[in-house]
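Participant: What shape does this take:
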Amino acid sequence: MIEASELLPLPLETPYNWVKRQRGTTKKGYASILSNLQKRGAVKIISKNGKRFLEITAKGQLEVLLSKVGVSKPLKWDGKWRLFIFDIPEDQRDKRDLLRRLLKRNNFFKLQGSVFINPYPLNREAVDYLRETGLDEFIRILRVDEMDNDVELKKKFKL
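Facilitator: Numbering: from 1, shown residues only. Next comes the predicted model:
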């Protein structure tokens, strides 16, 4: 089992040294990874007191969420639907679009523009991260015992 301390940067460890330790990446590979993250808007480089730092952007935080979110598929369905409802403001459209892609990638079915459904729960880590990033302000997750006309949904999810 991997210790959490093995995954975190060591004291005074540079971002490059951390990536090298985690993935065995070369400097060229690191530069490529960093460039890709900057182009996607996931990180930005800031300068403070003559030193350069990496800062994760709101878009980057959402990408972290996307990587953490998963659906826990139990052996047997409990008969309850999970509705994921969100209303993210227009000025944060990139977060909204990424969130939609995340839900689709995790087999959530789109019922309406900002309403998705799945028969299985999100994992606790994903829910905690929604709170940490403040996205929970825009999102509601509901567990529904009954729903009319769910025959097609049951077929889609092979229930």
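
Participant: sec struct for residue 44, please.
Facilitator: strand (DSSP: H, G, I helix; E, B strand; the rest coil).

Participant: give the contact list for the residue lying closest to it once chain neighbours are set aside.
Facilitator: Excluding the flanking residues, the one nearest residue 44 by C-beta to C-beta, 6 or more residues apart in numbering is residue 55, at 5.4 Å. Just so you know, the C-beta spots here come from the backbone N, C-alpha and C atoms, and that holds for glycine as well. Residue 55 sits next to 43-46 when contact means C-beta atoms under 8 Å, 6 or more residues apart in numbering.

Participant: what mean pLDDT would you report for the helix or strand that contains residue 55?
Facilitator: Assigned by DSSP states H and E, residue 55 belongs to strand 51-56. Taken as a whole, strand 51-56 carries a mean pLDDT of 84.

Participant: cool, stretch 37-48 as well?
Facilitator: 88.

Participant: and if you look at stretch 61-80?
Facilitator: So the average pLDDT for stretch 61-80 ends up being 74.

Participant: Likewise for stretch 135-148?
Facilitator: 88.

Participant: Which positions in that stretch come out as buried?
Facilitator: For stretch 135-148, burial by neighbour count (16 or more other C-beta atoms under 10 Å) applies to 135, 138-139.

Participant: swap in stretch 97-114?
Facilitator: Buried residues in stretch 97-114 (16+ other C-beta under 10 Å): 98-100, 102-103, 106, 108-109, 114.

Participant: can you check stretch 86-98 too?
Facilitator: 86, 88, 95-96, 98.

Participant: chain center to that stretch, what's the gap?
Facilitator: 14 Å (C-alpha atoms, centre = their mean, to the nearest Å).

Participant: Contacts for that stretch next, please.
Facilitator: So stretch 86-98 is in contact with 41, 58-59, 62-63, 66, 99, 114, 135, 138-140, going by C-beta under 8 Å, 6+ apart.

Participant: same thing but 10 Å
Facilitator: The contact list for stretch 86-98 (C-beta atoms under 10 Å, 6 or more residues apart in numbering) reads 41, 57-59, 61-63, 65-66, 99-100, 103, 113-116, 130, 133, 135-141.
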